[in-house]
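Asker: What shape does this take:
(one chain, ligands or ions: 2)
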Amino acid sequence: MFFHVRDLELRAGRFDVELPPGEIEFFDPKLRQTGGLKASGKVELVTGSLGEIRVTGHLQVPMETDCDRCLEPASCPIDADFELYYRPVEEGYGEEKAIDPGEAEMGFYEGDGIELNDVLREDVLLALPMQRLCQEDCKGLCPVCGQPRNLRECQCQTAAADDRWEALKSLK
Ligand SMILES: [Zn+2]
Ligand SMILES: [Zn+2]
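Answerer: Residues are numbered from 1 along each chain as shown. Ligands and ions are numbered 1, 2, ... in the order given. Okay, the predicted model is just below:
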């Protein structure tokens, strides 16, 4: 769904979509959409701006990624309101008014409007937590045998240490 600036000049646009997995490309092989993405909201021009577009709405999607520690699937469901701003990529514009870092998320668009799927992708990426874990206290992988340590505690650490002592002893 594409929103043209010239249409937005007349009236705000609305969307209410449900996109199956695969519809939005996330450009991250570790990131998987495991169910329908539901999003609804409004696209409008910011009054008094030079083509600045504001997108507000609600987005809900079950996402899954690899756990940062153990590489097992980690689910990251998103169910939240969002507010994103887009400024046209035009020379000179944006320099007069510095972007306030405390402001809502700001992006840029090229050409004569914005593609809704691009907005939704950006919102999903922003909504995902920085640290993605299968469980809050994930124990990660054993550095010796590579087994996930959440299921069972392996004895590698001690065994490896013992082996090293044995090796030292045998040098004498
Ligand atoms: Zn994990
Ligand atoms: Zn181990």
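Asker: can we go C-alpha only for contacts and neighbour counts from here?
Answerer: Noted.
Asker: what ranges do the helices span in this structure?
Answerer: For the chain, helices defined by DSSP state H occupy the ranges 5-8, 116-127, 156-171.
Asker: Neighbouring strands - and their directions - for the longest strand belonging to the chain?
Answerer: With residue count as the measure and DSSP state E as the assignment, the chain has strand 78-88 as its longest strand. With DSSP bridges as the test, strand 78-88 is paired with strand 53-61 (antiparallel), strand 105-109 (parallel).
Asker: now Met106: how far from ligand 2?
Answerer: For Met106, the distance to ligand 2 equals 45 Å [CA to the ion, to the nearest Å].
Asker: dump the residue contacts of the residue nearest to that residue when sequence neighbours are not counted.
Answerer: On the basis of CA to CA, 6 or more residues apart in numbering, the spatially nearest residue to Met106 that is not a chain neighbour turns out to be Tyr85, at 4.7 Å. Taking CA atoms under 8 Å, 6 or more residues apart in numbering, we find Tyr85 in contact with Glu52, Ile53, Arg54, Val55, Ala104, Glu105, Met106, Gly107, Phe108.
Asker: any idea how far Tyr85 lies from ligand 2?
Answerer: Going from Tyr85 to ligand 2 by CA to the ion gives 48 Å.
Asker: dump the residue contacts of the nearest residue to Pro21 once chain neighbours are set aside.
Answerer: If the residues on either side of it in the chain are set aside, Pro21 comes closest to Gln33, at 5.3 Å by CA to CA, 6+ apart. Contact analysis of Gln33 by CA under 8 Å, 6+ apart lists Pro21, Gly22, Val61, Pro62, Met63, Glu64.
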